[in-house]
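>>> Sequence and predicted structure are below.
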Amino acid sequence: MTLADIRIALPLLILAIGALLTLICGAVTRKQTIATTIAVLAAVGAGLAAMTAPAVLVAPSLGLSASGLTRLFIVCFALMSAAVLVLSSGYNVYRDIRGEEYPATILFATFGMVALACATNLLIIFLGLEAMTFGFYILVAIDREQRVSSEAGLKYLLLGAVSAAFLAFGIALLYCVAGTLGISEVMQRTLAGTPNPVALAGWACLLIGIAFKLSLVPAHLWTPDVYEAAPAPVVAFLSGASKAAAVLLLLLLLPQAGDLAILRVPLFALALFSMVVGNLAALRQNRVRRMLAYSSIAQMGYVALALLSHKGGGFQAAAFYAIAYGIMSLAAFGAIGILERNGCGANLDDYRGRGFSHPLAAGVLAIALFSLAGIPPTIGFTGKFLIFASAIRAGEIALAILGILTAAVSVYYYLRVVTALYLQRSEHEERERLGVFETAVLGLSSVLIILLGLFPSPLLDFLRTQLP
Amino acid sequence: MEQTLFYIMATVIVIATIFAISEKHPVHAIVYLVTSFFALAVVFYLLAAPLIAMFEVIIYAGAVMVLFMFVIMMLDQGSPEDAERPPLMHYLPALVLTGITLVSLVLLLTNRSPVAAAAVAPRLVSVKEFAITLFNQYGVAIEIISMQLLFAIVGVLYLGRRRKP
C-alpha cells in the first residue's frame, strides 16, 4: 500500500473511523452533541479529503477509482450527510430519538455510498450499495416509539432483501458470462454483439434490483410508507443521497459499454411507467410526505429517461439531475422537518398559513417545490430542460413529449402545497423555533437551488469532461 | 459420473429448498436448509473447489444453522414438554434427501477415476492462493463487509432494546 493509495482511500477511512469514534465517544460520554459534532466533522473531512485527492484515475494497489465523477459524487454525499446530521440534531429531540447510533449509522450509510462511488468492480459496487441500504434499514426504523416507523422499516427491509438477492444473482450471471468482475470488461463482454441469454437474464436481475433502489415503478411500493413514517432528515438523506448513489451506479456501468441497444426496452418501460404512475398517483394525495414520495418516483422516471437517451448527452443530464434532486430533497424534507417540529401535522390542511407563522421554513419549502415542479430559474428547471433536450436529440420523441406533459401535470400538486402555505390564512400564532446551523443548511440549499439553476455551466462543463 | 451426480444433487437442492420455504415449523425448515447446504457442498466439491465445500459445511451448515437454532430457542414458542417424537412422515423427506447426498458423496470419494478427475478439475486452488487473492485483490471488500457486520450488531442492539413501558 503506497501513499497514493492512502490518499485515495482517505474519504473511506475518515468515514469508517469517524463512525467508530462516534460510537465510542457517544457510549463513553453519553452526550448527543459530542457524537453529532464528531460525525459532522468526519463527514466534512471526508468531503475535503475527496476534493484534495491526487489526480490519478485508479489507486495502484487497492483497485479503487478516483476519477472526477467519483470525487464529485463523494463530495456531494459527504456534504449531504453533514447537512442531514445538522438537521437531525433538532428534529431528533422532537421525535425523542436518542443515542450515538443515529449519527454513526448516517456515517456508515455515507461510507457505503462512497465505497460504491470508488468501485472498479461489481463486487465493491454490490457491497457499497448494500452497506448503504443496510444503514437505511436501521435509520428508517430508528423511531422505536412509533408503530408506523417499525412497520415501514420492516417493509423496506423485506423488499430490500429481495432486491439485494436480485442484484447479487444478476451480478453472478454477468460474472458467468464475462469471467471477471471488472466493470469495463463486464460491460464490453455482456452488452456487445448478439446478446447472450445468460447475460440478458443477468441484466434483467440487475435492473430489477436497481429499480428498487431508485423506486422506479414496478418496484416502488415501499416508497410512500417509508417517506411517511421515517424521520424527516432520514427521508431527505434516503431520497437525495441514496437515489443519487443508485444513479451513480448506473453512470459507472453504462458509459463503459459501446452499445446499449439491449437495455433500451427495459429502460423505456421503467421511465414510462414511473413518470405516468408517479405523477398521477401524486395528484390524489392529501398528505404532503406521501405526495412527495410519489413525486420522487416520477422524478426518478425522468432520470431513467435521461439514461435511455445517452446518445444525446443523457448521461450528463442524469448526473446533473441526480445532484439537483439531492439538493431539492434536502431543502424540501429539511423544511418539512422544521415545520413538523413546530407542530405541523401531516395533512395538506395543516400546512395552511404556515408561510406567515413560519416564514423561513415555509419559504425554503416553497423554493424546493418550485424547483421540483421545474419552474425557472431553479435547478429543477435546468435539470428537466437538459433531460428533455437530450431525449429529443437522441430521438426519444414520444417519451420526451410524455415527460413534458406529466411534468406539466405535476405543477398542480406541487403548487397546491405552496398555495396552502401562502394563500390561506390560519390561526397559528406560535413563533418559529430554529437553530443557527439549521438555518444555515436550509439557506445554503435554497441558495444552491437558485444559483445552480441560473449558472449551471461550471457543473455541466465538468460533467461534460467526465461523461460521454 | 460427475455430470449425473451434479444433476442428482441439483434436484436434491431444489427439493430441499422448496421444503425449507414451505415448511411451517421453523425447526423443520432449518433441517431442510441444512440438507440443501450439504448437497450444495457436494456440488462445490464436484466443481473442484474442496475448500468452498468445507466452508459450506462448517460455516453454513454448522455455524449459521446453530445460530438459527439459538434464535428459535430464545423466541420461546410453546413449551418443550409437549414435544413428542414426530411421526415418520414428517422427517422422511429430509431423511431421503440426506441419504441421497451421503450416498453420492461416498460414491464420489471412493469411485474417483484419475482420468475423469483430471478432466473435471484442471487445477485445484490451494488455501494459500485463495487467501492471497482474497486479501490482496478483494481486501477493500473484506473491510466493507466487516463494517457491515459491525453495523448489523449496532442496529440490532438499538432496535431490539426494550421499549419504555
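That came through fine.

>>> so where's the chain uncertain?
Just so you know, I chose chain A. Applying pLDDT under 70 to chain A flags residues A:1, A:55, A:60, A:426-431.

>>> Wait, chain B was what I had in mind.
Applying pLDDT under 70 to chain B flags residues B:76-86, B:112-123, B:162-165.

>>> Please identify the helix or strand for the residue in it that chain A sits nearest to.
Nearest residue of chain B to chain A, counting by C-beta to the nearest C-beta: residue B:155, 3.8 Å away. All C-beta atoms are positioned from the backbone trio N, CA, C, and that covers glycine. Of the helices and strands defined by DSSP states H and E, residue B:155 is found in helix B:139-160.

>>> which residues touch residue 125?
This is for chain A. If you count contacts by C-beta atoms under 8 Å, 6 or more residues apart in numbering or on different chains, residue A:125 has them with A:116, A:119, A:171, A:183, A:249, A:252-253.

>>> Chain B was what I was after
Contacts for residue B:125 (C-beta under 8 Å, 6+ apart) come out as B:49, B:51.

>>> what's the closest non-adjacent residue to the residue nearest to the spatial centre of chain B?
Compute the mean C-alpha point of chain B, and by C-alpha atoms, centre = their mean the closest residue is residue B:37, 3.0 Å away. Nearest non-adjacent residue to residue B:37, counting by C-beta to C-beta, 6 or more residues apart in numbering or on different chains: residue B:61, 4.2 Å away.

>>> Name the SS class of the one you found, please.
Under DSSP: H, G, I helix; E, B strand; the rest coil, residue B:61 falls in the helix class.

>>> residues from the stretch 101-250 of chain A in reach of chain B?
Residues of the stretch 101-250 of chain A lying close to chain B by C-beta under 8 Å from any C-beta of the partner chain are A:101, A:104-105, A:108, A:111-112, A:115, A:123-124, A:127-128, A:130-131, A:134-135, A:137-138, A:141-142, A:144-145, A:150, A:153.

>>> one step back: which of the contacts of residue A:125 fall within helices?
Among the contacts of residue A:125, DSSP state H puts A:116, A:171, A:183, A:249, A:252-253 in helices.

>>> on that earlier part again, state the distance from the residue nearest to residue B:37 to residue B:22.
Note on residue B:61: its distance to residue B:22, by C-beta to C-beta, to the nearest Å, is 20 Å.

>>> Up against chain A, what does chain B have?
Within chain B, the positions lying close to chain A (C-beta under 8 Å from any C-beta) are B:136-141, B:143-145, B:147-148, B:150-152, B:154-155, B:157-159, B:161, B:163-164.

>>> From those, keep the buried residues only.
Neighbour counting with 16 or more other C-beta atoms under 10 Å in any protein chain shown marks B:138, B:140-141, B:143-144, B:147-148, B:150-151, B:154-155, B:158 as buried within the residues of chain B next to chain A.

>>> hang on, the earlier thing: with distance to residue A:196 added, can I get the ones in helices among the contacts of residue A:125 in a markdown table?
Formatted as a markdown table, these follow (distance: C-beta to C-beta, whole Å):
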| residue | distance to residue A:196 |
| --- | --- |
| A:116 | 26 |
| A:171 | 15 |
| A:183 | 18 |
| A:249 | 22 |
| A:252 | 22 |
| A:253 | 17 |
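
>>> Considering the residues you listed, which is situated nearest to residue A:273?
Residue A:273 lies nearest to residue A:249 out of the ones in helices among the contacts of residue A:125, by C-beta to C-beta, at 20.4 Å.

>>> In contact with the closest one: list those residues for me.
Applying C-beta under 8 Å, 6+ apart, the residues contacting residue A:249 are A:116, A:125, A:129, A:210, A:213.

>>> give me that answer again for 10 Å
A:113, A:116-117, A:119, A:122, A:125-126, A:128-129, A:167, A:206, A:209-210, A:213-214 (C-beta atoms under 10 Å, 6 or more residues apart in numbering or on different chains).

>>> Mind checking which of those land in strands?
Judged by DSSP state E, the contacts of residue A:249 include no members of strands.

>>> out of the residues you listed, which are inside helices?
A:113, A:116-117, A:122, A:125-126, A:128-129, A:167, A:206, A:209-210, A:213-214.

>>> out of those residues, who has the most neighbours?
Most neighbours among the ones in helices among the contacts of residue A:249, by other C-beta atoms under 10 Å in any protein chain shown: residue A:117, with 32 neighbours.

>>> my read: it touches residue A:46, true?
No - counting by C-beta atoms under 10 Å, residue A:117 stays clear of residue A:46, with 11.2 Å between them.

>>> Can you tell me the element the nearest residue to residue A:174 once chain neighbours are set aside falls in?
Leaving out its chain neighbours, the residue that sits closest to residue A:174 by C-beta to C-beta, 6+ apart is residue A:202, at 4.1 Å. Element membership of residue A:202 [criterion: DSSP H and E] is helix A:197-214.

>>> Please work out how many residues are found near the residue lying closest to residue B:145 once chain neighbours are set aside.
Spatial nearest neighbour of residue B:145, excluding adjacent residues (C-beta to C-beta, 6+ apart): residue A:127 at 6.4 Å. Residue A:127 is flanked by 24 other residues according to other C-beta under 10 Å.

>>> Name all residues that make contact with residue A:127.
By C-beta under 10 Å, 6+ apart, residue A:127 lies in contact with A:112, A:115-116, A:119, A:134, B:138, B:140-145, B:147-148.

>>> before we move on, the earlier item: wait, which of the contacts of residue A:125 is closest to residue A:53?
residue A:119 (15.7 Å).
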